[in-house]
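Peer 1: need a structure here:
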Amino acid sequence: MNIVLTSGIILSFFQFILLLNKRNKSLPDRILAIGICTVGIHLLSYHIYTLGYWNIYPHLIGIAVPFPLIYGPVIYLYTLYSLRKDSALQKKDYLHFAPVIFSYLYMFKFFFFYSGFEKLRVINGEVDDFSIFTSILLVLYVISGFTYTILAYLKLKTHQRLIDDSLSYSELLSLSWLKYSIWGIGLVFLAISIVVSLREGLGFEFPFNADIIFYTLIVVLVFCIGFFGIQHQNLFSNVSESAQKVMIQAQLSGEYKKSGLRQDVAESIHKKLLKLMVEEKPYLNPILTLLDLAQMMDVSTNYLSQTINQYEKVNFHDFVNQYRVDEFINRAKSNNNFSILANALDSGFNSKSSFNIVFKKFKETTPSKYLASLKK
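Peer 2: Okay, here's the model as predicted:
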């Protein structure tokens, strides 16, 4: 237990310092730094308790009690602003931390009017002044953790859908690391809920200190999130100006909602779109966006997005990449002297990894196997 806590404390504060000294820090970097610092203080507080120092320094008791209420809002805000270009939190964002403030206000009497001896009696269960408050906090820990984890995941899924409806590429906008971070937070709170339910609700006595379960998970999570968070650059830093415009527009509107597009107009747009794709091959542009294509057709992005969804039954990303796959197959048949990657790049893909993923999605096999099957 001591090794886990000591490692977590050192790691947390080390990553906190790295994030503070990161060049071109974004708002998500600052949010992550606060979150990791909070974890470090929380682990330190618990470590002091396990070493028995609360008996010597009782004024330290309870300092980190509300801290688990911080983790949910942090992961949510980190996710939210990793997907946006804002440089500062909005005023309403601070409301997420209201339960933390109320908890400290309720504990004000405990911190400043209870003697050290009285504080020790409270934590040893000899005085039940805060028993109801403690029970409520345990429930709030679980509710807060799961609620914010779900909200963050839904926000991520919505953004991924916006990307697929707006951009024809996504390898520079990989959100996998963020998805796994959210799952990790959810796993920690799941472990907390199981342990609390068994120990506090059912009176089950573990043959070991069950706290080690979720504290170990927290330490592992801090390492993973900190590692990827330090390397992470803002999503907008790797995309074109056109992509930035269309993503911001999509965020402001929430998504491309159905408009008052008449059927005859939609059919006209669809025919014009199919003709453009065949004759001008805009999909050969590896960073083609919905905005680029809409401007070429002189229609609104809303109309174009709705038309693609309605008539092709796919999002913009899949619509464009289907043409790229077909283009690759035609090129591979006629350009035998070119490598698979060369033909893929000439077909509008901008990386080998994205090409392989997209090709397998549409053809359910690898490019090499598919081409080999054509020769049989």
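
Peer 1: listing request: residues of the protein with sub-threshold pLDDT.
Peer 2: 1, 170-175, 229-260, 376 (pLDDT under 70).

Peer 1: report the longest helix in it, please.
Peer 2: Identified as the longest helix of the chain according to DSSP state H is helix 131-166.

Peer 1: buried sites along that one?
Peer 2: Neighbour-count burial for helix 131-166 flags 134, 137-138, 140-142, 144-146, 148-149, 151-153, 155-156, 159-160, 162-166 (criterion: 16 or more other CB atoms under 10 Å). Every residue, glycine included, has its C-beta placed from N, CA and C.

Peer 1: work out the gap between the helix or strand containing Glu118 and the centre of the chain.
Peer 2: In this structure, Glu118 sits in helix 116-123 according to DSSP states H and E. Computed by CA atoms, centre = their mean, to the nearest Å, the chain-centroid distance of helix 116-123 equals 41 Å.

Peer 1: after the one helix or strand Ser45 maps to comes which helix or strand?
Peer 2: Assessed by DSSP H and E, Ser45 sits inside helix 27-50. Toward the C-terminus, helix 27-50 is succeeded by helix 68-82 as the next helix or strand (DSSP H and E).

Peer 1: pull out the buried positions in the helix holding Glu118.
Peer 2: Within helix 116-123, the residues scored as buried using 16+ other CB under 10 Å are Lys119, Leu120, Val122.

Peer 1: and the helix holding Ser45, what other elements does it pack with?
Peer 2: On a contact count with 3 or more CB pairs under 8 Å, 6 or more residues apart in numbering; DSSP states H and E, helix 27-50 meets helix 2-20, helix 68-82, helix 211-231.

Peer 1: got these as CSV, with distance to Asp346 columns?
Peer 2: Converted to CSV, the helices and strands packed on helix 27-50 look like this (distance: least, CB to CB, whole Å):
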stretch, distance to Asp346
helix 2-20, 41
helix 68-82, 33
helix 211-231, 31
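
Peer 1: go through those and pick out the most buried.
Peer 2: Highest mean neighbour count among these (mean count of other CB atoms under 10 Å): helix 68-82, with a mean of 24.

Peer 1: now it: how far from the chain's centre is it?
Peer 2: Between the centre of helix 68-82 and the centre of its chain there are 9 Å (CA atoms, centre = their mean).

Peer 1: list the buried ones in the next helix or strand after that helix?
Peer 2: Moving toward the C-terminus from helix 68-82, the next helix or strand (DSSP H and E) is helix 98-106. Residues of helix 98-106 classed as buried by neighbour count (16+ other CB under 10 Å): Pro99, Val100, Ser103.

Peer 1: same thing with stretch 353-360?
Peer 2: Of all the residues in stretch 353-360, those buried under the rule 16+ other CB under 10 Å are Ser354, Phe355, Asn356, Val358, Phe359.

Peer 1: so what touches that stretch?
Peer 2: Identification of contacts with stretch 353-360 by CB atoms under 8 Å, 6 or more residues apart in numbering yields 169-171, 321, 324-325, 328, 341, 344, 349, 366-367, 370.

Peer 1: still on that earlier bit, using CSV, lay out the buried residues of helix 116-123 together with distance to Pro66.
Peer 2: CSV is the format used below for those (distance: CB to CB, whole Å):
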residue, distance to Pro66
Lys119, 16
Leu120, 20
Val122, 16
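
Peer 1: nearest to Phe14, of those residues?
Peer 2: Nearest to Phe14 among these, counting by CB to CB, is Lys119 at 31.6 Å.

Peer 1: tell me the spacing between the closest one and Val195.
Peer 2: According to CB to CB, to the nearest Å, Lys119 stands 24 Å off from Val195.

Peer 1: report the central residue of this structure.
Peer 2: Geometric centre of the chain, nearest residue: Leu178, 3.3 Å, by CA atoms, centre = their mean.

Peer 1: contacting residues for it?
Peer 2: Shown in contact with Leu178 (CB under 8 Å, 6+ apart): Thr79, Ser82, Leu156.

Peer 1: measure the first one to Ile212 for me?
Peer 2: Pointing back at Thr79 there. Distance, Thr79 to Ile212, using CB to CB: 28 Å.

Peer 1: what do you get for Asn302?
Peer 2: Counting by CB to CB, the separation of Asn302 from Ile212 is 53 Å.

Peer 1: again, but for Val265
Peer 2: On the measure of CB to CB, Val265 and Ile212 end up 63 Å apart.

Peer 1: is it true that Leu19 touches Asp29?
Peer 2: Yes. If you go by CB atoms under 8 Å, Leu19 and Asp29 touch, sitting 5.6 Å apart.

Peer 1: hmm, back to that, show me which of the buried residues of helix 116-123 is closest to Leu187.
Peer 2: Leu187 lies nearest to Val122 out of the buried residues of helix 116-123, by CB to CB, at 31.2 Å.

Peer 1: I'd say the closest one and Asp129 touch.
Peer 2: Yes. Using CB under 8 Å, Val122 is in contact with Asp129, at 6.0 Å.

Peer 1: the stretch 201-350 of the chain: helices as residue ranges?
Peer 2: With DSSP state H, counting those that start in this stretch as the criterion, the stretch 201-350 of the chain has helices at 211-231, 241-253, 263-279, 290-297, 301-307, 316-334, 340-346.

Peer 1: how much distance is there from the first one to the middle of the chain?
Peer 2: Pointing back at helix 211-231 there. 15 Å.

Peer 1: cool, and the fifth one?
Peer 2: Relative to the chain's own centre, helix 301-307 is displaced by 27 Å; criterion: CA atoms, centre = their mean.
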